[in-house]
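Undergrad: got a structure for you, letters missing:
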């Protein structure tokens, strides 16, 4: 059971954020909801929230050990995470190492093509607008972040990608692509926030050649492949095995 928490501050598709007795700390509850296609597809899987929370905690601890700042403070329970309060930057940072998903729908690049260099895309976090793809010029036009902060965001995101590719490869997983969110602490430090889990990553099993069986992420839900919890559980099992 999570420790006492205060008012609900925010509820999204997959998480709830609560205040705590400390003004600079929040409790995040990972829900069992699964959504896709801007929440047009929705279901619940008992235990999914716990799996995402534990996976994210392991990854945040790994990144911290490499000197990457995150909002993570502690696990409060299997599905509850204690985090620093941050001002969330309204950008979704997507890094692609292998072509899949929307990249293949919007370009002639075939799914499964390894990209020569990681592709970093930035999207405006706004459900009503459909989270549109942004250019640097549009970010400047909207006044979302300064050019200096934008440069820092890109550098930090690519650093995270480099560490995570290495980390996943050691447990025979391929990090195809993933989404990051970042925020700024009260001291002005840029940190990795939100979550890093099979909900926000495409992860393929390097031990499996079948194009469907290798999928261990939310694509199992998007594509009605079944085995959502089994895929997430396998990711957690390997991460815990490597960590121990």
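TA: Thanks, I have the structure now. Quick caveat: nothing in here was measured; it's all calculated off a predicted structure. Numbering: from 1, shown residues only.

Undergrad: which stretches of this structure form helices?
TA: Taking DSSP state H, the helices of the chain run over residues 48-65, 102-106, 136-142, 147-170, 219-222, 228-243.

Undergrad: so of those, which one's packed in deepest?
TA: helix 48-65 (a mean of 21; mean count of other CB atoms under 10 Å). (C-beta placed from N, C-alpha, C; glycine too.)

Undergrad: Now do that helix and helix 228-243, the angle between them.
TA: Here the directions of helix 48-65 and helix 228-243 differ by 30 degrees (axes from the mean of the first three to the mean of the last three CA atoms, to 10 degrees).

Undergrad: on contacts alone, who are the packing partners of helix 48-65?
TA: For helix 48-65, the packing partners by 3 or more CB pairs under 8 Å, 6 or more residues apart in numbering; DSSP states H and E come out as strand 25-30, strand 33-36, strand 72-77, strand 80-84, helix 147-170, helix 228-243.

Undergrad: Sketch out the low-pLDDT regions of the protein for me.
TA: 1-4, 243-244 (pLDDT under 70).

Undergrad: quick one, phi psi at the spatially most central residue of it?
TA: Geometric centre of the chain, nearest residue: residue 196, 3.3 Å, by CA atoms, centre = their mean. When read as degrees, to the nearest 10, the backbone of residue 196 gives phi -130, psi 100.

Undergrad: Quick one: residues contacting it.
TA: Contact analysis of residue 196 by CB atoms under 8 Å, 6 or more residues apart in numbering lists 55, 56, 59, 60, 164, 178, 180.

Undergrad: of all those residues, which comes closest to residue 124?
TA: Of all these, residue 180 has the smallest distance to residue 124: 14.6 Å, by CB to CB.

Undergrad: Quick check: the closest residue in space to residue 164 that isn't next to it in sequence vs residue 31, distance?
TA: Leaving aside its chain neighbours, residue 164 sits nearest to residue 175 (5.5 Å; criterion: CB to CB, 6 or more residues apart in numbering). Distance, residue 175 to residue 31, by CB to CB, to the nearest Å: 24 Å.
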